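# build me a structure from this.
(chains A and B)
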Amino acid sequence: MKRWLRHSLLLVCVVLVAAFVASACGDEEEKPAAASPTPRAAGSPTASLAAGVPELADGTLQVGSDIAYAPIEFYEEGTQNPVGLDVDIAKALAKELGVKVEFMNTGFDGLIGALQAKRFDIIMSSMTVTEKRQQEIDFIPYFTAGTGILVQAGNPKNIQSLADLCGKSVAVQLGTIQVDQLDAQNEQCAQKISITTFDQNPLAVEQLRLGRADAVTADYPVAANDARLSQGALEVVGTQFEAAPYGIGLRKDSTALNAALTKALQAIMDNGEYDKILADWNLEAGSIK
Amino acid sequence: MDVFLAIRFDGGAVTEFFFNDVILRGVRNTLEVTILAMLLGTVLGVILAVMRVSHSRPLAGFSAFYVWFIRGTPVLIQLLVVYNGLPQMVGSDAFTHFLTPFRSALITFSLNEAAYMAEIVRAGIQAIEPGQMDAAKSLGMTNLQAMRRVILPQALRVVIPPAGNEFIAMLKNTSVAFVIAFVELTTAARLIYAVNFKVMELLVVASIWYLIMTTAFSVLQAEMEARLTIVERERAIPLTTRVLRALGGGRER
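Numbers count the residues shown, from 1 in each chain, chains lettered A, B, ... in the order given. Model prediction:
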């Protein structure tokens, strides 16, 4: 009995070590190729865009993103493969620039700090352009989205607008523009909105499903996607509120990169790539063309 | 200063936010959940430890299983299970609303702490000579009476230093409760820097508060240890020396 026990414990250890080694090997191959279209050969019409841009000297456009905001950016289910609107646009831009693109997952509230600390070159993370953020970083607008209000199916609390949230409880993601909107709305509420902030949008949505929150506010495309994935448990109220542009975030001193990306964005708008990507994600309504 | 450090660090923001309402609420919440969870966790831990050393196999087995399970899973997952998982299993609105972030954090940290305290108390009990138990029984005490009146009071001396360690570790570990939107000190700092982007400044504010709290509890621990010391001369050691020793300094003796 004792011997048998010792042998099986040894087996468990061996399995654990083997699993660890196998995953460590796996890591190596997935790092450089997080999401990379083949780099354009030199001599392509726009490859010169990347010339003289210090951030792109390493041949890679590094993108900081909080990859948990479907359908704008999320991991393909069960993989570490980032997909979504932002990912496709970033790939298209990188193709124009003749560089590879690498997505780096970072919590939303840490994105601007990490950009300033040069952890990556740009932010593409459904980030709405706001005055406050513009004091910290520069933006290139590329899409527009408003706020959607997500409620339980049948809208039991009869919420039709941001004002209807007064006196209700709302779950929302930390650091998003929706927190600012709710704070601003609260100033006008006789009965305050009880706001609970979560690290990630899915954790906020969970509170709505549980009935702990009466509503979740998020960017409209995301709220719509949450409703779709809930298989009838949740729905989005009416239309979107306070539509505003998403921007590619850049450090204020990244002027060359800013110019190159602006040209690349114009190029994909001109050649139809931009429209095609928006159509792929059913997000044509957010076009800024 | 900006030039020297080559990063933007706004020292003024540290003083500006040190007594900010949200930060102070975070300090209070951190203290509340830590102290209450330590009390509940200690009570549960003592019960689990006594069960573990008892002669009843089911009781000892349950205690061992509990410690194995709680110590073997991350507290972050335990928080999510209590906060989001339990309401799904129970499926009652009243219960869901009862499980606020604070209560969920308190339940989780208490259950978690109980497992660690059980091991610490067990070590304390086992450090007492078995002869003490025999002596107590020969005086006509039952097992439980002997435990309560003879063994546990002596074990206390052995238990205090690692328990103090646990307390201070938990004080900081409560920051994991950000996943269930419990506004303890770290979450409070994050809420503010998410808006004003003064990340480092607010993390410094939070760290200074943590240091103040851990210092206060280290002093308290030193005081408790001194009171429980049997040797008379130890009591005569001045408070400052005992505090220094508790904080990891002062090695003379």
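
# all helices for chain A, in order.
Here chain A has its helices, by DSSP state H, at A:2-30, A:85-97, A:111-116, A:131-134, A:177-188, A:201-210, A:220-229, A:255-270, A:273-280.

# looking at those, which is buried most?
helix A:85-97 (a mean of 25; mean count of other CB atoms under 10 Å in any protein chain shown). Heads up, the C-betas are built off the backbone N, CA and C, glycines and all.

# who's in contact with that helix?
A:35, A:37, A:40, A:46-47, A:49-50, A:53, A:56, A:61, A:63, A:65, A:71-73, A:100-101, A:103, A:124-126, A:142-143, A:221, A:260-261, A:263-265, A:267-268, A:273-274, A:277-278, A:280-281, A:283 (CB atoms under 8 Å, 6 or more residues apart in numbering or on different chains).

# A:Tyr75 is in contact with A:Asp66, isn't it?
No: using CB atoms under 8 Å, A:Tyr75 is not in contact with A:Asp66, being 11.4 Å away.

# the two: which has the busier surroundings?
More crowded of A:Tyr75 and A:Asp66, by other CB atoms under 10 Å in any protein chain shown: A:Asp66, with 25 against 17.

# which element is the residue nearest the centre of chain B on?
With distances taken as CA atoms, centre = their mean, the residue of chain B nearest its centroid is B:Phe167 (2.9 Å). For B:Phe167, the enclosing helix or strand under DSSP states H and E is helix B:152-173.

# next secondary structure after that helix?
The C-terminal neighbour of helix B:152-173 among helices and strands, as given by DSSP H and E, is helix B:185-196.

# just the closest residue of chain B to chain A, please.
Going by CB to the nearest CB, chain A is nearest to B:Ala194 of chain B, at 3.6 Å.

# for that residue, which non-adjacent residue is spatially closest?
A:Gly175 (3.6 Å; CB to CB, 6 or more residues apart in numbering or on different chains).

# spit out the contact partners of the one you found.
A:Phe108, A:Asp109, B:Ala194, B:Val195.

# among these, which one sits closest to B:Phe17?
Of all the contacts of A:Gly175, B:Phe17 sits closest to B:Val195, with 11.4 Å by CB to CB.

# count the neighbours of that closest one for me.
B:Val195 has 15 neighbours, counted by other CB under 10 Å.

# next, the angle from the helix holding B:Phe167 to helix B:185-196.
Orientation check (axes from the mean of the first three to the mean of the last three CA atoms, to 10 degrees): helix B:152-173 against helix B:185-196 gives 10 degrees.

# which parts of helix B:152-173 are buried?
Across helix B:152-173, burial judged by 16 or more other CB atoms under 10 Å in any protein chain shown covers B:152, B:154-155, B:157-160, B:162-164, B:166-168, B:170-173.

# could you measure from the closest residue to B:Gln221 other than its chain neighbours over to A:Ala213?
Using CB to CB, 6+ apart and skipping the chain neighbours, the partner closest in space to B:Gln221 is B:Gly164 (3.8 Å). Distance, B:Gly164 to A:Ala213, by CB to CB, to the nearest Å: 39 Å.

# ditto for B:Gln221
With CB to CB as the criterion, B:Gln221 and A:Ala213 are 40 Å apart.

# neighbour count: these two, which is higher?
More neighbours surround A:Ala213 than the other of B:Gln221 and A:Ala213, with 24 against 21 (other CB under 10 Å).

# list the contacts for that one?
A:Ala213 touches A:Ser169, A:Val170, A:Ala171, A:Thr196, A:Ala204, A:Gln207, counting by CB under 8 Å, 6+ apart.

# name the nearest residue to the fifth one, ignoring sequence neighbours.
Spatially, and ignoring its direct neighbours in sequence, A:Ala204 is nearest to A:Ala171 (3.9 Å; CB to CB, 6+ apart).

# what are the bridge partners for the one you found, then?
For A:Ala171, the beta-bridge partners under DSSP bridges are A:Thr196, A:Val216.

# next: A:Leu61.
A:Val101.

# what do you get for A:Ile122?
With DSSP bridges as the criterion, A:Ile122 is bridged to A:Val63, A:Leu250.

# what is the neighbour count of it?
For A:Ile122, the count of nearby residues is 27 (other CB under 10 Å).

# quick check: it vs B:Ser110, distance?
Per CB to CB, A:Ile122 is found 45 Å from B:Ser110.

# same question, A:Leu162
39 Å.

# again with A:Ser8
A:Ser8 is 34 Å from B:Ser110, by CB to CB.

# do the same with A:Asn225
38 Å.

# do A:Glu136 as well
In terms of CB to CB, A:Glu136 sits 41 Å off from B:Ser110.

# same deal with A:Ser161?
Taking CB to CB, one finds A:Ser161 at 42 Å from B:Ser110.

# so who does A:Ile123 touch?
Counting by CB under 8 Å, 6+ apart, A:Ile123 has contacts A:Val63, A:Gly64, A:Ser65, A:Leu111, A:Ile112, A:Leu115, A:Ile137, A:Ile248, A:Gly249, A:Leu250.
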